[in-house]
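Engineer: Sequence and predicted structure are below.
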Amino acid sequence: MASSIENNNEKLTLKSSDGEEFLVEKHVALQSTLLQNMLDSDCSSADVIPLPKIDARTLALVLGYCKKHADASSSKQGELNSFDSEFLKDMDMGALFNLVLAANFMEIKGLLDIAAQKIADTIKDKPHQEVREIFHVENDYTPEEEAAVREENRWAFEGFP
Amino acid sequence: MDGGGDLTATSFNDLPADVVMDILSRLPAKTLIRFSSVRKSFYSLIRTPIFISKHLHFHSFNTSHLLIVPQNLSSGNPCSLLCDNDTNTRQATFDLPPKTKTPTAEVLGSSNGLVSIVDRFGLQQAVYLWNPSICRYKTLPPSCFSEQLKNWSTYAVIGFGFCEFDSDYKVVRVVYRPDCGNFMGKVKPEVEVYSLKKDSWSKVAGIVVPRVAESGSVAFANGGVHWLAAKKILTAFEVILVFDLKDEVFRELGLPKKLVKVFEERAMGLVSFHIKEFGGSVSLFVNCFPSDESCSVWWMKEYGNAKSWTKQFTVVLPHGKVDRVFVFTKSGKIIAETYDRKLVSYDPEKENVQDIVLGDGRFGALGTFTESLVMLERRKRTFF
């Protein structure tokens, strides 16, 4: 019992791809299933855990989310929900993409969920031409193909350009 | 951790496939159809069985809708999709498939995004599967028993549901020929099952089962199709006949003793009943005429255990008696039609009644509904 309390105060260091180090409390890091598995299998005896795929800017955001969720008691769901929406509020699509990638890689289910939902909500009511711009994807249809696909689904375009 | 570069993305194309699916599966079906035009990979992805099933899974857990259908499908009135919440606001309307707009067609039920429509009294005995979310429907192939069905004294009952085990939509048709058994007893009907995956009917070895009334109410619950059935006299229901869509066999469930007595004592016209799915089991709505002013609701608390039938509550409305009960919503409310033709939502816990105003016309079948892309993969473009 005593050891688990001690563990709560344990800290570990995470290192981003661009070399920045973050000192985090263990219970905050445990929000990530990836880190949890690493700590369980004891392959983290090193002082510093490198996260060579995640840059400092994204990692800072991820850890901010983890800290809030690790510290909040389960009875404060409403507070967490408003934190979540505030957290993502002004984030641009590039930052959301990086966040969703990091959450996916570090296996943080809650964060993956809200970031994916935010991306979906952003494009939901947009015309498909605008979605290409928001997502930075090319239109690979020929004009004939595009017309044919649109014709096939004409009913779904009501009210859209 | 191979150090193969940062996980950074500037384009949606840089995201891994499972993340792409996670994001897109959250969108409504109609939006996804429209986004087929974004680029070719969007078009193909939303038509793959794995995406369709992920999308269905997300929406059956996270969204809840009610589908309201006009009583007369030939009336020209559309179906309405309502939010299953306190406001019951209308989210969309769907026009019925043209072929099904006949006075003899009726909606059988909805399961996992598909609606089944049957034209039992039409000459073709046609069955349709319709996905309103993507404006697509298909006509099922002719019955194995088409010849028998042409005989006016033959009748058939039909049930529909989604079989989790096979991830398949199935329709069961039970055909009672005039020579299949004594009118007053158990009978041996002809049985066939349609599978959407196989897109064909196959015969199931018939066994002697209690008889289901032609116009009886049908419910899909706990993996099976349920009808009230009679062992002796057609009007006196004694059991629930279940057709299990996984094992494709019949089973029987006992009814509450008190109700069996009610069915025995009263002629058919004086008791109206509806069998409905609720909480993974079956429930019965019973209306007795003319004495009772209320409609009683029974629930088989523990599926399969006849001793667990309990009378849950009676529906008491301040205005007008309940004529027909349509559905138990996920939140435990009842959507019903009163004798003065009002559609109401009744909350049995709070004993609170709310009118649902949808315009003209009477309403027929109604059910909880999940939007889906099921049946979209059936048409493929050649240029990909």
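Structural biologist: On my side now, so go ahead. Numbering: from 1, shown residues only, chains lettered A, B, ... in the order given.
Engineer: And stretch B:79-98, what's buried?
Structural biologist: B:79-82, B:84, B:88, B:90, B:92, B:94, B:96-97 (16 or more other C-beta atoms under 10 Å in any protein chain shown). C-beta here means a position set from N, CA and C on the backbone, and glycine is covered the same way.
Engineer: can you count the residues close to whichever residue of the stretch 201-350 of chain B sits closest to chain A?
Structural biologist: At 18.9 Å from chain A, B:Ser331 is the closest residue in the stretch 201-350 of chain B, using C-beta to the nearest C-beta. B:Ser331 has 12 neighbouring residues, counting by other C-beta atoms under 10 Å in any protein chain shown.
Engineer: Can you show me the strands along chain A?
Structural biologist: In chain A, the segments counted as strands under DSSP state E are A:11-15, A:21-25, A:48-50.
Engineer: strand partners of the second one, parallel vs antiparallel please.
Structural biologist: Strand partners for strand A:21-25, identified by DSSP bridges, are recorded as strand A:11-15 (antiparallel).
Engineer: How much space separates B:Thr154 from chain A?
Structural biologist: To chain A, B:Thr154 is 39 Å away according to C-beta to the nearest C-beta, to the nearest Å.
Engineer: Let me know whether that residue touches B:Arg177 as I believe.
Structural biologist: Yes - applying C-beta atoms under 8 Å as the test, B:Thr154 and B:Arg177 come out as touching, 5.0 Å apart.
Engineer: Check the contact lists of these two and give me the overlap.
Structural biologist: Shared contacts of B:Thr154 and B:Arg177 (C-beta atoms under 8 Å, 6 or more residues apart in numbering or on different chains): B:Gln148.
Engineer: Kindly check the end-to-end length of stretch A:79-97 for me.
Structural biologist: 25 Å (C-alpha to C-alpha, to the nearest Å).
Engineer: what's the offset of it from the middle of its chain?
Structural biologist: Put simply, stretch A:79-97 sits 9 Å off its chain's centre (C-alpha atoms, centre = their mean, to the nearest Å).
Engineer: Next: stretch B:276-290.
Structural biologist: Centroid displacement of stretch B:276-290 relative to its chain, using C-alpha atoms, centre = their mean, is 15 Å.
Engineer: Any buried residues in it, and which?
Structural biologist: Using 16+ other C-beta under 10 Å as the test for burial, stretch B:276-290 gives B:276-278, B:281-288.
Engineer: Just put the residues you listed in a markdown table and tack on distance to chain A and secondary structure.
Structural biologist: Listed next are those as a markdown table, based on distance: C-beta to the nearest C-beta, whole Å; DSSP: H, G, I helix; E, B strand; the rest coil:
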| residue | distance to chain A | secondary structure |
| --- | --- | --- |
| B:Lys276 | 32 | strand |
| B:Glu277 | 29 | strand |
| B:Phe278 | 28 | strand |
| B:Ser281 | 30 | strand |
| B:Val282 | 34 | strand |
| B:Ser283 | 32 | strand |
| B:Leu284 | 37 | strand |
| B:Phe285 | 36 | strand |
| B:Val286 | 40 | strand |
| B:Asn287 | 40 | strand |
| B:Cys288 | 45 | strand |
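Engineer: Now distance to A:His136 and pLDDT too, for those, in JSON lines please.
Structural biologist: Output for the buried residues of stretch B:276-290, formatted as JSON lines (distance: C-beta to C-beta, whole Å; pLDDT from 0 to 100):
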{"residue": "B:Lys276", "distance to A:His136": "49", "pLDDT": "89"}
{"residue": "B:Glu277", "distance to A:His136": "46", "pLDDT": "89"}
{"residue": "B:Phe278", "distance to A:His136": "48", "pLDDT": "87"}
{"residue": "B:Ser281", "distance to A:His136": "50", "pLDDT": "93"}
{"residue": "B:Val282", "distance to A:His136": "52", "pLDDT": "93"}
{"residue": "B:Ser283", "distance to A:His136": "52", "pLDDT": "91"}
{"residue": "B:Leu284", "distance to A:His136": "56", "pLDDT": "90"}
{"residue": "B:Phe285", "distance to A:His136": "54", "pLDDT": "86"}
{"residue": "B:Val286", "distance to A:His136": "60", "pLDDT": "84"}
{"residue": "B:Asn287", "distance to A:His136": "60", "pLDDT": "78"}
{"residue": "B:Cys288", "distance to A:His136": "66", "pLDDT": "70"}
